[in-house]
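Trainee: structure here, sequence nowhere to be found:
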């Protein structure tokens, strides 16, 4: 089954404790992207990657890092999380940027 | 100014009604237009994709782009209770950087 898998699905943590949200896709897609979804603000793009070792900033990249060492994986790293990064995060992939397949989301709470 | 604006609703219609969902955008450079549907506790799923202007139809769904007015629409005919979800418009000018509307919550009442 074609899918985008995110882990963990839920996480409660504390300010400053480094965390990584993993994202893996099994569709051999070149393009992958991370979004955060907040009430009243909608989905906002954090980072995207056109292929292995190629990443670029989206609309709201501050406080986040990404890496793309393998085609299937695109982890999101919060090196020093803060409460304003509490949000619902989505990973997406596509063979062409337009028709993105989304994961089911990761709900992060940072206290 | 936000790149794309969407009326959040909520919108409530009886089963069988025609639903019209709309977004406006700010920059005429945008040329890729998409509509996604998002059910509660799930990720968005692509419904319709349109490049440049014009209409696109897929079953009960029609996407319309009016570049002169910077206005995009999604019409749902013969709406069903299973159409109850949040609908998100999305735009892009390059096909790799995307801007989403805030979503319109739709409820179709049996």
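Mentor: The structure has been received and is ready for your questions. The model shown is predicted, which means the values in this text are computed figures rather than measured ones.

Trainee: only C-alpha atoms for contact and neighbour calcs from this point on.
Mentor: Noted.

Trainee: what parts of chain B come near chain A?
Mentor: Residues of chain B lying near chain A by C-alpha under 8 Å from any C-alpha of the partner chain: B:32, B:34, B:41-46, B:49, B:95-103.

Trainee: just the buried members of these?
Mentor: Neighbour counting with 16 or more other C-alpha atoms under 10 Å in any protein chain shown marks B:32, B:34, B:43-46, B:49, B:96-103 as buried within the residues of chain B next to chain A.

Trainee: list the contacts for residue B:20?
Mentor: Shown in contact with residue B:20 (C-alpha atoms under 8 Å, 6 or more residues apart in numbering or on different chains): B:73-76.

Trainee: which one is residue B:4 nearest to, not counting chain neighbours?
Mentor: residue B:25 (4.2 Å; C-alpha to C-alpha, 6 or more residues apart in numbering or on different chains).

Trainee: no, scratch that, I was asking about residue B:90
Mentor: By the measure of C-alpha to C-alpha, 6+ apart, the closest residue to residue B:90 outside its immediate chain neighbours is residue B:100, 4.2 Å from it.

Trainee: and residue B:12, by the same measure?
Mentor: Distances taken as C-alpha to C-alpha, 6+ apart place residue B:107 nearest to residue B:12, at 4.7 Å, with adjacent residues excluded.

Trainee: now swap in residue A:91 and tell me
Mentor: residue A:34 (4.6 Å).

Trainee: just to revisit the earlier point, next up, the contacts around the residue nearest to residue B:12.
Mentor: Residues counted as contacts of residue B:107 (C-alpha under 8 Å, 6+ apart) are B:10-13, B:81, B:83-85.

Trainee: any idea how far chain A is from it?
Mentor: Here residue B:107 is placed at a distance of 18 Å from chain A (C-alpha to the nearest C-alpha, to the nearest Å).

Trainee: middle-most residue in chain A, spatially?
Mentor: The geometric centre of chain A, computed from its C-alpha atoms, lies nearest to residue A:34 (C-alpha atoms, centre = their mean), at 3.3 Å.

Trainee: name the helix or strand for that residue, please.
Mentor: The secondary structure element spanning residue A:34 is strand A:31-38 (assigned by DSSP states H and E).

Trainee: what's the following helix or strand after that strand?
Mentor: strand A:42-51.

Trainee: check which helices and strands that next one sits against.
Mentor: strand A:31-38, strand A:54-57, strand B:98-100 (3 or more C-alpha pairs under 8 Å, 6 or more residues apart in numbering or on different chains; DSSP states H and E).

Trainee: sheet partners, orientation included, of that strand?
Mentor: Taking DSSP bridges as the criterion, strand A:42-51 forms sheet pairs with strand A:31-38 (antiparallel), strand A:54-57 (antiparallel).

Trainee: can you give me the strands in the chain?
Mentor: Just going to use chain A. With DSSP state E, the ranges of strands along chain A come out as A:4-7, A:10-13, A:19-25, A:31-38, A:42-51, A:54-57, A:65-66, A:76-78, A:87-94, A:101-102, A:106-110.

Trainee: wait, chain B was what I had in mind.
Mentor: Counting by DSSP E, chain B forms strands over residues B:4-6, B:11-14, B:19-25, B:32-38, B:45-51, B:54-58, B:61-66, B:71-76, B:85-92, B:98-100, B:104-109, given from the N-terminal end onward.
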